[in-house]
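Trainee: Have a look at this fold, sequence not included:
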RNA sequence: GGCCCCAUCGUCUAGUGGUCUAGGACACUGGGUUUUCAUCCCAGCAACCGGGGUUCGAGUCCCCGUGGGGUCACCA
């Protein structure tokens, strides 16, 4: 290996949403580059004008940054090997394609897409594999030039040599593919844009990419790329083909069958750390079996030999657990408050945050759940009368509330400790059933069956409001 | 269909010939703590795709099946 610096890249095509699959691949590229003090690059693969979506580029970049996968070079910040947008590099691809034509390693082809389609149909009908028949392979260049000068539509195809391509894949070991499987690839389309295969090789070489870490779907295309490296006489990068993320039915992860948009996880209140952590665990495992892993730890401990070759199912039930774990154990309180900010209802009284947060933190798995866990602290509540008297008759409940009100009214230092003392004494003195009495109070004071611990909750709600709610509950019963 | 890749609990995975009556995590079930829920703790359920080899010994190596996936575009 004579690449002096490890440089990796991810090359999304701006065709819509920021996809978790892109983040997955980016994560491993980033980690490997950083581990080796190298650079991680994001290149925009926008050579398909028909699928181009305005704004998609920024979407991907901002999603990567949100996740902490910050590129060293990209379309926005540039870098020494720009431009990083393929549509701005058209002349470069043309030049290299022409070199191949001049060397007799590529050729002009005038078959139209319609003719190709027909050709394939006939081949399939005849039970043969659909393949370009190479009819312009040996077409005289002078003839071709004439037709081009007349303005005839054409493409440039690679004259794929016979033989086999073999490479050592960092994840899969030796892989060998016969060139028989490969058509004479189109290098330059009739619109003058390069195809992926030409552009990716030219750019990766020019941008000094040392390691190509990409999805398994590219394995069968790898010979096309290696052939080009060889034809140009360029040093070949290392290849690592990652397992493909799957749907539940094991098919390739798709937006039809799965939530694949990074922004959707942002909106659901998934922390970037949790998402990244979850992604690390798909196909890779920590040598000490750790499961909660920071990006930095991942960068330091990643190795290709711990990669699994099977495509993992992208099943996010574990992601939710990880998110809760980060919320309650990993990130700091101040940090949590910051992240909660855009999810908290505008009516929420900010001054309550520090008191409420400790009470609901361990109940919080997704950031937006904050509101439903805390609304009764500051909003008017609805009390279900039937639930109040479900475990005891109305008369008893009424007297329970009345006595409780008296006791609570008398408290001069309103705190969870003083509340607890009064209420526990009350329960013991009257020998009321604990679960009935406490649940009744909970319902009366919060309107909910499930809340944080009662005394602490009451302490936060405040003496006046608690008493008011108890009165209200009592009036419901009579 | 050709070619390529892959195959351990429902899911994510550990496992690189013997320590595997296969370990962990999520989920699920039961129990404990507890005024509810949640957290936490404990326990349980649950897998080496099948068949042949190689070997004293195979989840681990080889072959054949089977199954799944990917790919065969002027999309990436």
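Mentor: Nice, I can see it. As the structure is a computational prediction, the values presented were derived from the model and not from experiment.

Trainee: Could you list every helix and strand that the lowest-mean-pLDDT helix or strand in chain A packs against?
Mentor: Least confident helix or strand, chain A: helix A:113-125 with a mean of 86, by mean pLDDT, DSSP states H and E. Applying 3 or more CB pairs under 8 Å, 6 or more residues apart in numbering; DSSP states H and E, one finds that helix A:113-125 contacts no other helix or strand. To be clear about C-beta, it is placed using only N, CA and C from the backbone, and glycine gets the same treatment.

Trainee: Does that helix reach RNA strand B?
Mentor: Yes: using CB under 7 Å from any atom of the strand, helix A:113-125 reaches RNA strand B at A:113, A:116, A:120.

Trainee: got it, and stretch A:443-456?
Mentor: Yes: taking CB under 7 Å from any atom of the strand as the criterion, stretch A:443-456 and RNA strand B are in contact, through A:449-455.

Trainee: Dump those residues to TSV, plus secondary structure and distance to residue A:260.
Mentor: TSV is the format used below for these (DSSP: H, G, I helix; E, B strand; the rest coil; distance: CB to CB, whole Å):
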residue	secondary structure	distance to residue A:260
A:449	coil	36
A:450	coil	33
A:451	coil	36
A:452	coil	35
A:453	coil	40
A:454	helix	42
A:455	helix	45
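
Trainee: Can you say which of these are buried?
Mentor: Taking 16 or more other CB atoms under 10 Å as the criterion, what is buried in the residues of stretch A:443-456 next to RNA strand B is A:451-452, A:454-455.

Trainee: got a markdown table for the residues you listed, with pLDDT too?
Mentor: Formatted as a markdown table, those follow (pLDDT from 0 to 100):
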| residue | pLDDT |
| --- | --- |
| A:451 | 96 |
| A:452 | 97 |
| A:454 | 97 |
| A:455 | 97 |
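
Trainee: with the residues you listed in mind, which one is nearest to residue A:436?
Mentor: The nearest member of these to residue A:436, counting by CB to CB, is residue A:454 at 13.2 Å.

Trainee: Give me every residue in the stretch 351-478 of chain A lying close to RNA strand B.
Mentor: A:362-363, A:420, A:434-435, A:438-439, A:442, A:449-455.

Trainee: ok, 6 Å please
Mentor: Contact residues (CB under 6 Å from any atom of the strand) of the stretch 351-478 of chain A with RNA strand B: A:362-363, A:434-435, A:438-439, A:442, A:449-455.

Trainee: could you measure residue A:388 against RNA strand B, distance?
Mentor: Note on residue A:388: its distance to RNA strand B, by CB to the nearest atom of the strand, to the nearest Å, is 14 Å.

Trainee: From residue A:309, how far off is that residue?
Mentor: Noted for residue A:388: a distance of 59 Å to residue A:309, by CB to CB, to the nearest Å.

Trainee: Count the neighbours of residue A:389 for me.
Mentor: When neighbours are defined as other CB atoms under 10 Å, residue A:389 has 18 of them.

Trainee: Not counting sequence-adjacent ones, nearest residue to residue A:353?
Mentor: Nearest non-adjacent residue to residue A:353, counting by CB to CB, 6 or more residues apart in numbering: residue A:337, 6.0 Å away.

Trainee: what is residue A:74 paired to in the beta sheet?
Mentor: With DSSP bridges as the criterion, residue A:74 is bridged to residue A:78.

Trainee: wait, isn't it in contact with residue A:60?
Mentor: No: look at residue A:74 against residue A:60 with CB atoms under 8 Å: they stay out of range, at 9.4 Å.

Trainee: And these two? Which one has more around it.
Mentor: Shown here are residue A:74 and residue A:60; by other CB under 10 Å, residue A:60 has more neighbours (27 against 24).

Trainee: so the more buried one touches residue A:42, yeah?
Mentor: Yes: the criterion here is CB under 8 Å, and residue A:60 meets it with residue A:42 at 7.5 Å.

Trainee: Please enumerate the shared neighbours of the two.
Mentor: residue A:12 (CB atoms under 8 Å, 6 or more residues apart in numbering).

Trainee: returning to what we had before: out of the residues of helix A:113-125 next to RNA strand B, who's nearest RNA strand B?
Mentor: Nearest to RNA strand B out of the residues of helix A:113-125 next to RNA strand B is residue A:113 (CB to the nearest atom of the strand; 4.3 Å).

Trainee: give the contact list for residue A:195.
Mentor: When contacts are counted by CB under 8 Å, 6+ apart, residue A:195 is found next to A:47, A:185-189.

Trainee: at 7 Å what do you get?
Mentor: Residues near residue A:195 by CB atoms under 7 Å, 6 or more residues apart in numbering: A:185-187, A:189.

Trainee: next one: residue A:323
Mentor: The neighbours of residue A:323, taking CB under 7 Å, 6+ apart as the test, are A:270-271, A:274, A:365-366.

Trainee: Closest one to RNA strand B out of these, please.
Mentor: Set against RNA strand B, the nearest of the contacts of residue A:323 by CB to the nearest atom of the strand is residue A:365 (7.8 Å).

Trainee: Once you drop chain neighbours, what's closest to the closest one?
Mentor: Using CB to CB, 6+ apart, the nearest residue to residue A:365 is residue A:324, at 4.0 Å.

Trainee: and the one you found, how many neighbours does it have?
Mentor: Around residue A:324 sit 19 other residues, with neighbours defined as other CB under 10 Å.

Trainee: just residue A:467 next, same as before
Mentor: For residue A:467, the neighbour count with other CB under 10 Å is 15.

Trainee: try residue A:320
Mentor: With other CB under 10 Å as criterion, residue A:320 counts 15.

Trainee: Need the per-residue pLDDT for it.
Mentor: Looking at residue A:320, its pLDDT stands at 97.

Trainee: dump the residue contacts of the closest residue to it other than its chain neighbours.
Mentor: Among residues not flanking residue A:320 along the chain, residue A:365 sits closest, at 5.5 Å (CB to CB, 6+ apart). By CB under 7 Å, 6+ apart, the residues touching residue A:365 are A:320, A:323-324.

Trainee: just to revisit the earlier point, any idea which element the residue nearest to residue A:365 lies in?
Mentor: Element membership of residue A:324, judged by DSSP states H and E, is helix A:317-325.

Trainee: after that helix, next one along is what?
Mentor: Later in the chain than helix A:317-325, the nearest helix or strand by DSSP H and E is helix A:333-340.

Trainee: So which bits of that following helix are buried?
Mentor: Of the residues in helix A:333-340, A:336, A:339-340 count as buried by neighbour count, 16+ other CB under 10 Å.

Trainee: hang on, the earlier thing: flag every buried residue along the least confident helix or strand of chain A.
Mentor: Here helix A:113-125 shows residue A:119 as buried, counting by 16+ other CB under 10 Å.

Trainee: Quick one: distance of it to the chain centre.
Mentor: Here helix A:113-125 is found 39 Å from its chain centre; the criterion is CA atoms, centre = their mean, to the nearest Å.

Trainee: tell me the average confidence for stretch A:165-183?
Mentor: pLDDT averaged over stretch A:165-183 gives 95.

Trainee: Just the terminal-to-terminal distance for it.
Mentor: End-to-end distance of stretch A:165-183: 14 Å, with CA to CA, to the nearest Å as the criterion.

Trainee: returning to that earlier point: the more surrounded of residue A:388 and residue A:309?
Mentor: More crowded of residue A:388 and residue A:309, by other CB under 10 Å: residue A:388, with 23 against 13.

Trainee: Show me chain A divided up by domain.
Mentor: Following automatic domain parsing, one finds the domains of chain A at A:1-73+A:243-331, A:385-477.
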